[in-house]
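Novice: Okay, predicted coordinates and the sequence, questions at the end:
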Amino acid sequence: MTDISEHDRARLRAAWTSYCDALRKEGMDIIDGKSADPATPQELAEALRAVARIGIMSLQHRMDFNDPDFPTFFRTMDDRYKYGGPDAYISYLTATLRGDATYRLRANHYNREFNVNVSATVPVTTDGVTRKALGNREFWPQDMQIAADGSFEVTFSSEPQPGNWMGVERNFRGGAELPDQYPMASGGLMLRTYYWDPEDGLPQGQFHLERVDDKAPLGPAPLAPSLFAQQLESAAQLCSKAAKWWIGRASRMRAQNPPNKLAPLGTTPPGVENFTPPKTGPLNYGVCAFDLAPDEALYIETDITPTLYWSFQLYNAWWESPDVQHRQTSLSFKQAHVDGDGKFRCVVAHADPGVPNWLDTGSNRRGFIFYRWLRPNTDLPSPVGRLVKLNEVRALMPPDHPHVDQATRRGQLSARRAWFARRFQT
């Protein structure tokens, strides 16, 4: 005897089908050439893999990390969820909030740079067209009360609170609506912590979020067919919207940026339409769409102007981080070699040119270089690039520029693997 109703079976059947259909459609659109512009077999496979990752991420987030009564931090972009051009030196954590509740974040960033961001989906009208977009409030360390050891607390609620407080609209419900721009696995609160120095010896950041108002339930409700159906339907929506927008953004970036030309640093994100960045934003970034034959290299040179943090990083043709753990695909200012004349010189190439600042494409003919300057103290630098033959690279370097042999490179990569393991696998 069973008390499972046909209504429950039908509801779950429809929801399950919606998720499977969304994943199938976005994948088939890639394979059939309807939603991407792959130029090589590798790019085609990577585009389909990008959709698969977004599908997995969407389902995991909606099933296990989208409960505003019992918020749990979800690592929304990392060494596995690679969409959206994540910074290899930032750990991204997101949790789901609701505006009619009160939350307390207890944390310790061990005096690293970090950012607390609360977002809400708001209507924005541009050229007479109303779209859903993200409205943000954010805290940086200088905006907060922080103990000497790096520990702090923040309260999130619709009503003002003493101490570090961030307001949330009372009718806000994270994860309920998706913006037309930047659709991602987010529930209203995002933490970004910078790990730019692999040798700082500090513990990983500690972050715990809890709902603390009197109406908070004591424990989660048992899973019911109706709730799981809602989670599946929400995952289907996120999968479809995120796959379309992020793949489309990469194609727009290619269309807007001539190959192998470095764009100037600025606060406007590339490939995003009808977006007005904050005038006082602390982060400046530039992009270059590279396109390299097997025997070619992109030589990049820049002055280093004073700033809190800078880095150069590669992404594949779909704005995903490449194999950050097993290839040298990024360099922070703590890892980069700077020559005696104060200039940073790096080489983007498929094969190892024997220089310390090699950025390894992983055989990707096309992709993107992204360079970031956080809180610059003076005028921004103007990186320049030259498309050259790989065998011409050494002649472009100053006489004192180091040569990196295979043993040294293996040591670099071994240390890199250990660092990413500490960050993401422990």
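Specialist: Received the coordinates, thanks.
Novice: For Cys346, which three-state class applies?
Specialist: strand (DSSP: H, G, I helix; E, B strand; the rest coil).
Novice: so it sits right up against Asp360, yeah?
Specialist: No: if you go by C-beta atoms under 8 Å, Cys346 and Asp360 don't touch, sitting 11.0 Å apart. Just so you know, the C-beta spots here come from the backbone N, C-alpha and C atoms, and that holds for glycine as well.
Novice: Compare neighbour counts for these two and give me the winner.
Specialist: Neighbours around Cys346 and Asp360, counted as other C-beta atoms under 10 Å, are more numerous at Cys346. The numbers are 25 against 22.
Novice: ok, what's across the strand from that one?
Specialist: Ile300 (DSSP bridges).
Novice: residues contacting it?
Specialist: Going by C-beta atoms under 8 Å, 6 or more residues apart in numbering, Cys346 touches Ile300, Phe312, Leu331, Ala336, Val355, Asn357, Trp358, Leu359.
Novice: Okay, now the unreliable bits of the stretch 51-200 of the chain?
Specialist: 120-136 (pLDDT under 70).
Novice: okay, the nearest residue to Gly367 once chain neighbours are set aside: pLDDT?
Specialist: Nearest in space to Gly367, with sequence neighbours left out and distances taken as C-beta to C-beta, 6 or more residues apart in numbering, is Asn316 at 4.9 Å. If you check Asn316, the pLDDT there is 97.
Novice: ok, Asn316 to Asn357 distance?
Specialist: Separation of Asn316 from Asn357 (C-beta to C-beta, to the nearest Å) stands at 20 Å.
Novice: quick one, which of the two is more surrounded?
Specialist: Asn316 (25 against 22).
Novice: Report the separation between the more buried one and Met190.
Specialist: The separation that Asn316 has from Met190, given C-beta to C-beta, amounts to 23 Å.
Novice: and Asn391, what does it touch?
Specialist: Asp295.
Novice: any idea whether it is helix, strand or coil?
Specialist: helix.
Novice: List the buried residues of stretch 17-33.
Specialist: Buried residues in stretch 17-33, counted by 16 or more other C-beta atoms under 10 Å: Ser18, Tyr19, Ala22, Leu23, Lys25, Glu26, Gly27, Asp29, Ile30.
Novice: Next, format those residues as JSON lines and append pLDDT, secondary structure and distance to Tyr81.
Specialist: Shown next, in JSON lines, are the buried residues of stretch 17-33 (pLDDT from 0 to 100; DSSP: H, G, I helix; E, B strand; the rest coil; distance: C-beta to C-beta, whole Å):
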{"residue": "Ser18", "pLDDT": "98", "secondary structure": "helix", "distance to Tyr81": "22"}
{"residue": "Tyr19", "pLDDT": "98", "secondary structure": "helix", "distance to Tyr81": "17"}
{"residue": "Ala22", "pLDDT": "98", "secondary structure": "helix", "distance to Tyr81": "17"}
{"residue": "Leu23", "pLDDT": "98", "secondary structure": "helix", "distance to Tyr81": "15"}
{"residue": "Lys25", "pLDDT": "98", "secondary structure": "helix", "distance to Tyr81": "21"}
{"residue": "Glu26", "pLDDT": "98", "secondary structure": "helix", "distance to Tyr81": "16"}
{"residue": "Gly27", "pLDDT": "98", "secondary structure": "helix", "distance to Tyr81": "17"}
{"residue": "Asp29", "pLDDT": "97", "secondary structure": "helix", "distance to Tyr81": "21"}
{"residue": "Ile30", "pLDDT": "97", "secondary structure": "helix", "distance to Tyr81": "18"}
